[in-house]
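Visitor: no sequence for this one, just the structure:
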């Protein structure tokens, strides 16, 4: 059985039924994997809000992130990930471990491994996206904004926090490998509420942290 088929047969990371009914007043039962995942998405997105001010300081000086900031972002994400892994079921952890082995060559990807293919700025931003779509897991939506940023960064001064839902929607309808940056930029400011990820409320730019470019 493959990792994907195993997930499809595993209650979609839903709450696990308890073997017995707890007595009244007893401690709360451990959270199911679905609830743990929701908490993980929220905590990662909240951490991004705290780092946006630090990111903005570099942007205001028109500088790229240094390795210190990238390592700090990586460490924050790792701490949140480890805390939630401890709350995940054994089967859930096994599936994530197998997925990471296939994707990264290790159970948990290290900073050094990431630095082989990403610069500090990319590492810092990617620390605040959640994936797992190949395991049927819901993500926090930030990865799609990073995809748009990467697609238009050569012709735009926008940063990932400036990417809107409408820009993501415009990017998604384009033919793979043929990016129309003009169409994506033209969509900025539009709203696509129907496709919004429920965790993206934590990723929406706040007025006092957004820098608008001509």
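Guide: Perfect, thanks for sending it. The structure presented is a predicted model; accordingly, all values stated were derived computationally and were not measured. Numbering: from 1, shown residues only.

Visitor: would you map out the domains in this protein?
Guide: Following automatic domain parsing, the chain resolves into domains at 31-140, 141-206.

Visitor: residue 132 contacts residue 100, doesn't it?
Guide: No. The pair residue 132 / residue 100 is not scored as a contact, 10.1 Å apart, by Cβ atoms under 8 Å. C-beta here means a position set from N, CA and C on the backbone, and glycine is covered the same way.

Visitor: report the longest helix in the chain, please.
Guide: Ranked by residue count, the top helix of the chain under DSSP state H comes out as helix 33-60.

Visitor: so which elements touch that one?
Guide: helix 67-85 (3 or more Cβ pairs under 8 Å, 6 or more residues apart in numbering; DSSP states H and E).

Visitor: can you give me the buried ones in the longest helix of the chain?
Guide: For helix 33-60, burial by neighbour count (16 or more other Cβ atoms under 10 Å) applies to 33-34, 36-38, 40-45, 47-49, 51-52, 55-56, 58-59.

Visitor: now swap in stretch 61-69 and tell me
Guide: For stretch 61-69, the neighbour count (16+ other Cβ under 10 Å) marks 65, 69 as buried.

Visitor: now mean pLDDT too, for the domains of the chain, in JSON lines please.
Guide: Shown next, in JSON lines, are the domains of the chain (pLDDT from 0 to 100):
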{"stretch": "domain 31-140", "mean pLDDT": "89"}
{"stretch": "domain 141-206", "mean pLDDT": "84"}
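
Visitor: sorry, back to before: now the longest helix of the chain: how far from the chain's centre is it?
Guide: Centroid separation for helix 33-60 versus its chain: 8 Å, with Cα atoms, centre = their mean, to the nearest Å.

Visitor: and if you look at stretch 130-140?
Guide: The answer for stretch 130-140 is 9 Å, by Cα atoms, centre = their mean.

Visitor: what is the end-to-end distance of it?
Guide: Across stretch 130-140, the terminal residues are separated by 6 Å (Cα to Cα, to the nearest Å).

Visitor: now do the contacts for residue 47.
Guide: 76, 77, 80, 128 (Cβ atoms under 8 Å, 6 or more residues apart in numbering).

Visitor: tell me which two in the residues you listed are the farthest apart.
Guide: Spatial extent of the contacts of residue 47 (Cβ to Cβ) is set by the pair 80 and 128 at 9.9 Å.

Visitor: need the overlap of contacts for those two.
Guide: Taking Cβ under 8 Å, 6+ apart as the contact rule, residue 80 and residue 128 both touch 44, 47.

Visitor: residue 109 and residue 73: what is the separation?
Guide: Per Cβ to Cβ, to the nearest Å, residue 109 is found 14 Å from residue 73.

Visitor: ok, the two, which is more surrounded?
Guide: Using other Cβ atoms under 10 Å as the criterion, residue 109 and residue 73 rank with residue 73 on top: 24 against 14.

Visitor: tell me who's in contact with the more buried one.
Guide: Shown in contact with residue 73 (Cβ under 8 Å, 6+ apart): 51, 123, 124, 125, 127, 128.

Visitor: now the third one: which helix or strand?
Guide: Element membership of residue 124 [criterion: DSSP states H and E] is helix 120-126.
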